[in-house]
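Asks: below are the sequence and a predicted model for it; my questions follow.
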Amino acid sequence: MSTSPTISFIGAGNMASAIIGGMLDSGFKAANIWVSAPDDNHLQSIRKQFGVSVTTDNRYCAEQADMVVLAVKPQVMASVCSDIAPVVQNTRPLMVSIAAGLEASTLDEWLGGGLPLVRVMPNTPSLVGKGAAGLYANDQVKEKQKAMVESVFNSIGSALWVDDESLLHAVTALSGSGPAYFFLMLEALEEAATDAGIAGETARALAIQTMAGAAEMAGRSEHDPGQLKRNVMSPGGTTEQAIQAFEEGGMRDLVKKAYSAAYKRSGEMAKELANKQ
């Protein structure tokens, strides 16, 4: 692998663009980034925006790389992998998939077998540089390659490894689907506040900033979330009454039920995707 690795993206959607933008902001060189996609007009927009090299030829794009990021939809992954397999079997780059559900063994088979491969489960806040990604590496991946993947995904948030690939289903139910859980809370808080007479725009702004501030405090604090919650509560006060209502309403059990539903569906989707190819 070269000192300044070349990274190629097969696929040029929103997540690929977010990753590229984060990489450039973190000091990666545009000259070492390639992107391929079928729509040349879209590719030219990517080239103008980021200054990276582009091509409609997936094989040529893959051939340039020390690391290939597979950023296409799961439904077309089999055909993309089969197309570039002869090239990557010759050049032996690190393969990285950001497609949900497709297991490492399935991807490796489509790519011809025996390649170092990392699966990444990113989430939508990656689009604003605040992502949380779960990473899994197969046995072929070297420590230097793991460090390279970390540097890429840390550029758009945080990247954390799991030792067992099956745990990516748990990651999916947590950070993958998780933003929607918090958006639901924001939605509910906004509705409650507007019912109490606060203007909708003001209610939304206050709710968003409150959530952002709480997340920042949790990230910086040495205390666990339970203690941080208790720090806000005063005996007989407003927060205590609200938390009591949440607890009596079964919020903890509901969160666990929702998480379990997402976890179960992630496993089902993996089987469905593997069987459809």
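Replies: That came through fine.
Asks: strands of the stretch 151-277 of the chain, start to end?
Replies: For the stretch 151-277 of the chain, applying DSSP state E, counting those that start in this stretch gives strands covering 157-161.
Asks: where does pLDDT dip in it?
Replies: 276-277 (pLDDT under 70).
Asks: show me the helices in it, by range?
Replies: 167-171, 178-195, 200-220, 225-232, 238-248, 251-276 (DSSP state H, counting those that start in this stretch).
Asks: tell me which other helices or strands the last one touches.
Replies: Put plainly, it is helix 251-276. helix 74-91, helix 167-171 (3 or more CB pairs under 8 Å, 6 or more residues apart in numbering; DSSP states H and E). The C-beta positions use only the backbone N, C-alpha and C, and glycine is treated the same way.
Asks: could the ones you listed go into a markdown table alongside mean neighbour count and distance to Ser45?
Replies: Below are the helices and strands packed on helix 251-276 laid out as a markdown table (neighbours: other CB atoms under 10 Å; distance: least, CB to CB, whole Å):
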| stretch | mean neighbour count | distance to Ser45 |
| --- | --- | --- |
| helix 74-91 | 17 | 21 |
| helix 167-171 | 21 | 32 |
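Asks: reformat those as a markdown table; add distance to Thr56.
Replies: Formatted as a markdown table, the helices and strands packed on helix 251-276 follow (distance: least, CB to CB, whole Å):
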| stretch | distance to Thr56 |
| --- | --- |
| helix 74-91 | 12 |
| helix 167-171 | 31 |
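Asks: of all the ones you listed, which lies closest to Trp161?
Replies: Relative to Trp161, the nearest member of these by CB to CB is helix 167-171, separated by 9.7 Å.
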